[in-house]
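Enquirer: dropping a prediction and its sequence here:
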Amino acid sequence: MQKEQTVSQEKQELLDKDRAHMWHHMSPYNPNPMIATEAKGSWVTDIDGNRYLDGMAGLWCVNIGYGRQELADAAYEQLKSLAYFPLSNSHVPAIELSEKVSEWLGEEYRVFFSNSGSEANETAFKIARQYHQHKGQPRRYKFISRHRAYHGNTMGSLAATGQSIRKQQYEPLAPGFLHVSPPYCYRCPFGKTYGSCNLECAQVFDEVINWEGAESVAAVIMEPTITGGGVIVPPPEYLPKVREICDKYGVLLIIDEVICGFGRSGRKFGHQNFGVKPDIVTMAKGITSAYLPLSATAVRAEIADLFNEPGGNQHFRHVNTFGGSPAACALALKNMDIMEKEGLIERSAELGVLLRQKLSIIEDHPNVGDIRSFGFMAGIELVENRQTKEPAAPDKLTKVIGECKKRGLIIGRNGETVPGFNNILTLSPPFSTTAEEVDFIVNMLKEALDTLSD
Ligand code: PLP
């Protein structure tokens, strides 16, 4: 158990300033936010000296774990030699990183750098529309994504997001974004059972593209597994089927690897688990293990090269001042190098299997409806009743998260996504987590769940 909070004078002063000057994410003002002061490996320390295992790696992003000196050094050395140069020209860390990203993707891609996942997706949307103009199909402007998925906070990436609670106060968003049901076997939106279905969840893309008029559809965007929307893992045949449908209609396939990339799925990129080749891949978070902001939009070479054809009007009219900053690129290269040298992607795969095995101790809990995992991430869907599958009330999740925190464990949830279904606890720990720490995670989670019957 964490020690009782005794508010030191220093902390009180910081909290006063926080209240006076800060605006936090996604919540009304919290009078007692956790003030983190340092972190090492998978553990974060707060200003009171309490230590917490960060079972969410921040926001699914500190992939290799906290406190890696080599990453700090890589950024420091780069800042000393070249702090900045715009990517209308070039610099060495960006050149090397773009080559490395292509190598990890296993195909020839050209890489546009930005700072955040949202921007990476915005960039992808603009590239997709302009690509179709180059191909003589300027009316292809629509994008199709899935309900429940999150793609970012900007007007386009939020429009692609399929989470009404996060959108409704900001609408109208960018026009041209359509949504279909997710591949959600636990609550199949098509009333089917996996094994005896016709993959209606993938087939629906065929129907929607056809009914919208294929000549109006630019691209489909999807994560390999819906992550923040509730860890909704598709059947293995889903992504290949969607790829086939996109090809049939000349629609591009954008894969959002913002969370699933950089080892989280147990492979370099999440889509590599399904054997598909995307047209555009967006990535952020784990590219630097979140030590510095950086994102990328990788575009298949044949598509990118259309933007370089002679005529003077073909190029991509898009600038990003900070995107691909030298220090962030140098740090990302070091991050990928560490993942390779230390076998952290294989480690993530092993940890994922271990975590799923260990989570079997909560399988019979009366409030656990479904446990889903994808690489080293898991979603635990809480219900009121296992037979009816009625989603658990939000206060149950708040209680479990609070009880975990009391025991030194930070976990997440799919908060404020779609009405009535914010009932999934999430885990996405750093790859620095040990087998003993996996035990700690599941044991604390079990104790916390058991308090629901107190
Ligand atoms: N795409 C996915 C799948 C995400 O989970 C997120 C953020 O959580 C984004 C895009 C947006 O990334 P950012 O917050 O860096 O803009």
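Expert: In hand now; what should we look at? Just so it is clear, the structure is predicted and the values come from calculations on it, not from any experiment.
Enquirer: from here on, contacts and neighbour counts on C-alpha atoms
Expert: OK.
Enquirer: up against the ligand, what does the stretch 201-350 of the chain have?
Expert: 228, 256, 258-259 (CA under 6 Å from any ligand atom).
Enquirer: secondary structure element holding residue 52?
Expert: strand 51-54 (DSSP states H and E).
Enquirer: packing partners of that strand?
Expert: Where contact means 3 or more CA pairs under 8 Å, 6 or more residues apart in numbering; DSSP states H and E, strand 51-54 is packed against strand 43-46, strand 409-410.
Enquirer: between these, which one is nearest to residue 263?
Expert: Evaluated with CA to CA, the helices and strands packed on strand 51-54 place strand 43-46 nearest to residue 263, the distance being 19.5 Å.
Enquirer: picking that back up, please identify the most buried of the helices and strands packed on strand 51-54.
Expert: strand 409-410 (a mean of 24; mean count of other CA atoms under 10 Å).
Enquirer: can you list contacts of that strand?
Expert: For strand 409-410, contacts defined as CA atoms under 8 Å, 6 or more residues apart in numbering pick out 52-56, 401, 404, 441, 444.
Enquirer: off-centre distance for that strand?
Expert: 19 Å (CA atoms, centre = their mean, to the nearest Å).
Enquirer: try stretch 60-75
Expert: Centre to centre, stretch against its chain (CA atoms, centre = their mean), the figure for stretch 60-75 is 18 Å.
Enquirer: what does stretch 162-178 give?
Expert: On CA atoms, centre = their mean, the centre of stretch 162-178 falls 19 Å from that of its chain.
Enquirer: is that stretch up against the ligand anywhere?
Expert: No. Using CA under 6 Å from any ligand atom, we find that stretch 162-178 stays clear of the ligand, coming within 11.3 Å at best.
Enquirer: before we move on, the earlier item: as TSV, the helices and strands packed on strand 51-54 with mean pLDDT and distance to residue 395 would be great.
Expert: Formatted as TSV, the helices and strands packed on strand 51-54 follow (pLDDT from 0 to 100; distance: least, CA to CA, whole Å):
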stretch	mean pLDDT	distance to residue 395
strand 43-46	98	25
strand 409-410	98	17
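Enquirer: kindly reformat those strands as a markdown table containing distance to the ligand.
Expert: Formatted as a markdown table, the helices and strands packed on strand 51-54 follow (distance: least, CA to the nearest ligand atom, whole Å):
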| stretch | distance to the ligand |
| --- | --- |
| strand 43-46 | 20 |
| strand 409-410 | 17 |
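Enquirer: would you turn those strands into a markdown table with distance to residue 345?
Expert: Compiled in a markdown table, the helices and strands packed on strand 51-54 are given as follows (distance: least, CA to CA, whole Å):
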| stretch | distance to residue 345 |
| --- | --- |
| strand 43-46 | 20 |
| strand 409-410 | 23 |
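Enquirer: helices of the stretch 1-150 of the chain, start to end?
Expert: 9-21, 57-60, 69-81, 92-105, 117-134 (DSSP state H, counting those that start in this stretch).
Enquirer: go through the ones you listed and name the closest to residue 239.
Expert: helix 92-105 (16.4 Å).
Enquirer: quick one: distance of the closest one to the chain centre.
Expert: That offset, for helix 92-105, works out to 21 Å (CA atoms, centre = their mean).
Enquirer: tell me which helix or strand the residue most central in space within the chain sits in.
Expert: Closest to where the C-alpha atoms of the chain average out (CA atoms, centre = their mean) is residue 259, at 2.5 Å. Using DSSP H and E, residue 259 sits in no helix or strand.
Enquirer: let me see the contact set for residue 131.
Expert: 303, 306-307.
Enquirer: which of the residues you listed ranks first by neighbour count?
Expert: Within the contacts of residue 131, most neighbours by other CA atoms under 10 Å means residue 303, with 20 neighbours.
Enquirer: before we move on, back to that, what does the strand holding residue 52 rub up against?
Expert: Against strand 51-54 from outside (CA under 8 Å, 6+ apart): 2, 42-45, 405, 408-411, 429-430, 441.
Enquirer: note down every partner strand of it and its orientation.
Expert: According to DSSP bridges, strand 51-54 forms sheet pairs with strand 43-46 (antiparallel), strand 409-410 (parallel).
Enquirer: now the element after the shortest one, going C-ward?
Expert: Downstream of strand 409-410, the next assigned helix or strand under DSSP H and E is strand 412-413.
Enquirer: partner strands of that next one and their direction?
Expert: In the sheet, strand 412-413 lines up against strand 424-427 (antiparallel) (DSSP bridges).
Enquirer: hmm, residue 446 is touching residue 360, no?
Expert: No. In this structure, residue 446 is not within contact of residue 360 by CA atoms under 8 Å, at 10.2 Å.
Enquirer: these two: which is more packed in?
Expert: residue 446 (18 against 12).
Enquirer: circling back: secondary structure and pLDDT for the contacts of residue 131 - can I get that in TSV?
Expert: Shown next, in TSV, are these (DSSP: H, G, I helix; E, B strand; the rest coil; pLDDT from 0 to 100):
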residue	secondary structure	pLDDT
303	helix	98
306	helix	96
307	helix	96
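Enquirer: ok, of those residues, which one's closest to the ligand?
Expert: Distance to the ligand across these (CA to the nearest ligand atom) is lowest for residue 303, with 22.0 Å.
Enquirer: ok, that closest one - contacts?
Expert: Per CA under 8 Å, 6+ apart, neighbours of residue 303: 131, 279.
Enquirer: about what we covered before: out of the contacts of strand 409-410, who has the most neighbours?
Expert: Most neighbours among those, by other CA under 10 Å: residue 54, with 30 neighbours.
Enquirer: that one and residue 377, how far apart?
Expert: Using CA to CA, to the nearest Å, residue 54 is found at 13 Å from residue 377.
Enquirer: who touches both of the two?
Expert: residue 429.
Enquirer: residues contacting the closest residue to residue 138 other than its chain neighbours?
Expert: Spatial nearest neighbour of residue 138, chain neighbours left out: residue 132 (5.8 Å); criterion: CA to CA, 6 or more residues apart in numbering. Residues near residue 132 by CA under 8 Å, 6+ apart: 138-140, 218.
Enquirer: so of these, which ones are in strands?
Expert: Members of the contacts of residue 132 lying in strands (criterion: DSSP state E): residue 218.
Enquirer: buried set for the lowest-mean-pLDDT helix or strand in the chain?
Expert: Sorting the helices and strands of the chain by mean pLDDT, DSSP states H and E puts helix 9-21 at the bottom, at a mean of 94. Buried residues in helix 9-21, counted by 16 or more other CA atoms under 10 Å: 15, 18-19.
Enquirer: tell me the one among those residues nearest to the ligand.
Expert: residue 18 (21.6 Å).
Enquirer: do I have it right that residue 353 meets residue 375?
Expert: Yes. Counting by CA under 8 Å, residue 353 does reach residue 375; the two are 7.4 Å apart.
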